[in-house]
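here are the coordinates; sequence isn't available:
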């Protein structure tokens with residue numbers, strides 16, 4: 001088994017905010033990581049090293065924190081950048097995917113012409129929780145003709161078992177909260 005570098009030192013740049021956005025939730029805030037040049041550069045480099053640059057045609061960033069990681073990765077891969085937004089935020093013809101939340105549903109959208117048939121797409125976001133958002137984005141990617149080359153996250157809330165919903169995809173996260 002290949003050696004996996006220890007990225008856990010990045011946790012010192014994740015600020016925990018208790019009871020946000022609601023009581024009982026401990027929000028993991030990545031803004032200190034983004035603000036620290038060593039931590040942010042390391043994060044982008046570590047994700048980029050996990051995937052073969054020649055296997056990525058476009059990097060797809062999930063609203064909103066995923067945009068901040070997807071943009072520099074697209075640059076590193078010499079790839080295009082696709083924003084996936086919440087319903088009603090994109091100005092042109094969209095493809096939409098509805099997914100289940102704990103209480104109700106939500107939808108993600110991207111422009112219908114964002115992906116050409118057969119393009120290899122790296123999906124990027126800040127955190128993997130239950131896996132619903134990542135799975136909806138993967139389905140949206142495939143429905144638009146793309147191939148999911150991988151899914152990358154800064155952190156994973158392993159206790160929520162989101163990884164179990166994404167077993168058909170290569171999933172990479174830098175740090176995990178068990």
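Received, thanks. Please read all numbers here as calculations on a predicted model, not as lab measurements.

what are the bridge partners for the most centrally placed residue in the chain, then?
Closest residue to the average C-alpha location of the chain: residue 125 at 2.0 Å, with Cα atoms, centre = their mean. Counting by DSSP bridges, residue 125 is bridged to residue 153.

That one is in contact with residue 153, isn't it?
Yes: the criterion here is Cβ atoms under 8 Å, and residue 125 meets it with residue 153 at 5.7 Å. Where C-beta positions appear, they are placed from N, C-alpha and C, glycine not excepted.

list residues touching both of these two?
By Cβ atoms under 8 Å, 6 or more residues apart in numbering, residue 125 and residue 153 have these common neighbours: residue 134.

can you list the weak-confidence ranges in the protein?
The chain contains residues with pLDDT under 70 at 1-3, 102-103.

Walking through it, point out its helices one by one.
31-35, 37-50, 65-77, 132-143 (DSSP state H).

The ones you listed: which one's closest to residue 56?
helix 65-77 (4.5 Å; Cβ to Cβ).

Show me what the closest one is packed up against.
helix 37-50, strand 58-62, strand 80-86, strand 120-128, strand 147-157 (3 or more Cβ pairs under 8 Å, 6 or more residues apart in numbering; DSSP states H and E).

Now tabulate those in CSV and tack on distance to residue 167.
Shown next, in CSV, are the helices and strands packed on helix 65-77 (distance: least, Cβ to Cβ, whole Å):
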stretch, distance to residue 167
helix 37-50, 18
strand 58-62, 19
strand 80-86, 21
strand 120-128, 13
strand 147-157, 11
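
So which of the ones you listed is nearest residue 19?
So among the helices and strands packed on helix 65-77, strand 147-157 is nearest, using Cβ to Cβ, at 16.3 Å.

what packs against that closest one?
helix 37-50, helix 65-77, strand 120-128, helix 132-143, strand 171-177.

Recalculate using a threshold of 7 Å.
helix 37-50, strand 120-128, helix 132-143, strand 171-177 (3 or more Cβ pairs under 7 Å, 6 or more residues apart in numbering; DSSP states H and E).

Please identify the most buried of those.
Greatest average neighbour count among these goes to strand 120-128 (a mean of 26), per mean count of other Cβ atoms under 10 Å.

Can you give the distance from that one to the centre of its chain?
When C-alpha coordinates are averaged (Cα atoms, centre = their mean, to the nearest Å), strand 120-128 and its chain have centres 3 Å apart.

With stretch 66-75 instead?
That offset, for stretch 66-75, works out to 10 Å (Cα atoms, centre = their mean).

Go through that stretch and flag the buried ones.
The neighbour-count check on stretch 66-75 (16 or more other Cβ atoms under 10 Å) flags 66-74 as buried.
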